[in-house]
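A.B. asks: this one's structure only:
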């Protein structure tokens, strides 16, 4: 009977996994809505503790979130658009600088043969691609309108996310209570304890790591703009987003900033020192203040595991998979930790003989 129950549970898990995989093209807005509901549930709970009803707490949180999004659209997006257009204008000049200055210098130092880079073909391909339109907005619009059905589906998902998030957030506590009431009575405490540990790890990552990324993006962008780098805002925000993988934000950010600074400032040493100082300060703040304060040591995912999780999530579920990859990996890590503990306590590990043999 016990073996039968195990096979039933295994079959149910496999059925759910197959169901999710087959329907993942339409699950993206629901997964994003679930993530948003999980993020905002503690805030709504706090508003409830202050005397607001659950519904009005959700309305207040959505109003605040909408105001923040509108402020970003009105302030940040135009600044980023200007920098993207500036990058578009500078791209041919940067290609010329790489071809006529940077590559000859590297070629002379390494003793490479003439024509080793075949850069003329690369430049021609990039220039041809860029010359197909006059502005970046035109590229985006042409891609977005290439398929009317795809555009309609994208807009429908965009509208569906806040609607689903609202109802999930309003009924979150009820759903958790329903799920707990369905747990096997003899396993309830064990499952609740395991879920609590997963919740602790998820909270540390989803809330903590996103705050670290936001803080680093602001530090890098503000610092680079103070140094006078034209593309400082764009590079700083990209470095902050890349900080989802340990040290990747620092490597990508300082590499892009030094390249842009070398092209903009030429041989001026002080702005380059300023760029390096910005990233050194950001890295020091991340290691000594931001990560210990906001995340702590409760995740413990190896950088290789982080990279694999992001690539696997993107391959399976696209952009939504990238968003959910590390939270899912954190939960899997908790489960693997418990399986490891069970294995260390088992007769298989200790080498004890089976009494039935």
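C.D. replies: Ah, there it is. This is a predicted model, so every value here is computed, not measured.
A.B. asks: domain assignment for the chain?
C.D. replies: Following automatic domain parsing, one gets these domains for the chain: 24-182, 187-345.
A.B. asks: for residue 13, find the nearest of these.
C.D. replies: Nearest to residue 13 among the domains of the chain is domain 187-345 (12.1 Å), distances taken as C-beta to C-beta. To be clear about C-beta, it is placed using only N, CA and C from the backbone, and glycine gets the same treatment.
A.B. asks: what's the end-to-end length of the closest one?
C.D. replies: 19 Å (C-alpha to C-alpha, to the nearest Å).
A.B. asks: re the thing from before, out of the domains of the chain, deepest packed?
C.D. replies: Compared across the domains of the chain, domain 187-345 shows the largest average neighbour count, a mean of 17 (mean count of other C-beta atoms under 10 Å).
A.B. asks: in the stretch 201-350 of the chain, which spans are helices?
C.D. replies: For the stretch 201-350 of the chain, the helices defined by DSSP state H, counting those that start in this stretch occupy 210-227, 232-242, 248-265, 269-285, 303-344, 347-350.
A.B. asks: now render those as JSON lines, adding distance to residue 100.
C.D. replies: Below are the helices of the stretch 201-350 of the chain laid out as JSON lines (distance: least, C-beta to C-beta, whole Å):
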{"stretch": "helix 210-227", "distance to residue 100": "26"}
{"stretch": "helix 232-242", "distance to residue 100": "24"}
{"stretch": "helix 248-265", "distance to residue 100": "12"}
{"stretch": "helix 269-285", "distance to residue 100": "20"}
{"stretch": "helix 303-344", "distance to residue 100": "35"}
{"stretch": "helix 347-350", "distance to residue 100": "64"}
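A.B. asks: need these in TSV with mean pLDDT and distance to residue 63, can you?
C.D. replies: Formatted as TSV, the helices of the stretch 201-350 of the chain follow (pLDDT from 0 to 100; distance: least, C-beta to C-beta, whole Å):
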stretch	mean pLDDT	distance to residue 63
helix 210-227	90	20
helix 232-242	88	25
helix 248-265	86	32
helix 269-285	90	32
helix 303-344	77	24
helix 347-350	73	55
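A.B. asks: how about the domains of the chain in a markdown table, adding distance to residue 5?
C.D. replies: Shown next, in a markdown table, are the domains of the chain (distance: least, C-beta to C-beta, whole Å):
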| stretch | distance to residue 5 |
| --- | --- |
| domain 24-182 | 15 |
| domain 187-345 | 11 |
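A.B. asks: show me the one of these that comes nearest residue 7.
C.D. replies: Distance to residue 7, taken as C-beta to C-beta, is lowest for domain 187-345 among the domains of the chain, at 17.3 Å.
A.B. asks: so how far is that closest one from its chain's centroid?
C.D. replies: Relative to its chain's centre, domain 187-345 lies at 8 Å (C-alpha atoms, centre = their mean, to the nearest Å).
A.B. asks: any figure for the gap between the residue nearest to residue 216 when sequence neighbours are not counted and residue 41?
C.D. replies: Closest residue to residue 216 apart from its sequence neighbours, by C-beta to C-beta, 6 or more residues apart in numbering: residue 240 at 4.5 Å. Distance, residue 240 to residue 41, using C-beta to C-beta, to the nearest Å: 25 Å.
A.B. asks: can you check residue 330 too?
C.D. replies: 17 Å.
A.B. asks: any idea how far residue 98 lies from residue 90?
C.D. replies: Using C-beta to C-beta, we find residue 98 at a distance of 12 Å from residue 90.
A.B. asks: list the residues that contact both of these two?
C.D. replies: Common contacts of residue 98 and residue 90, defined by C-beta atoms under 8 Å, 6 or more residues apart in numbering, are absent altogether.
A.B. asks: residues in contact with the closest residue to residue 291 other than its chain neighbours?
C.D. replies: Spatial nearest neighbour of residue 291, excluding adjacent residues (C-beta to C-beta, 6+ apart): residue 212 at 5.9 Å. By C-beta under 8 Å, 6+ apart, residue 212 lies in contact with 243, 286, 290, 291, 294, 295.
A.B. asks: just residue 345 next, same as before
C.D. replies: By C-beta under 8 Å, 6+ apart, no residues touch residue 345.
A.B. asks: now do the phi/psi pair for it.
C.D. replies: Dihedral pair for residue 345: phi -90, psi 0, per degrees, to the nearest 10.
A.B. asks: now do it against residue 336, distance only.
C.D. replies: When C-beta to C-beta is the yardstick, residue 345 and residue 336 sit 15 Å from each other.
A.B. asks: phi, psi of residue 229?
C.D. replies: Per-residue torsions, residue 229: phi -70, psi 130 (degrees, to the nearest 10).
A.B. asks: I figured it hits residue 259, correct?
C.D. replies: No. Applying C-beta atoms under 8 Å, one finds residue 229 not in contact with residue 259, separated by 10.7 Å.
A.B. asks: which elements pack onto the longest helix along the chain?
C.D. replies: In the chain, with assignment by DSSP state H, the single longest helix is helix 2-49. The contact analysis (3 or more C-beta pairs under 8 Å, 6 or more residues apart in numbering; DSSP states H and E) places helix 2-49 against helix 54-71, helix 148-170, helix 172-181, helix 303-344.
A.B. asks: what do you get if the cut-off is 6 Å, keeping everything else the same?
C.D. replies: Judged by 3 or more C-beta pairs under 6 Å, 6 or more residues apart in numbering; DSSP states H and E, helix 2-49 is in contact with helix 54-71, helix 148-170, helix 303-344.
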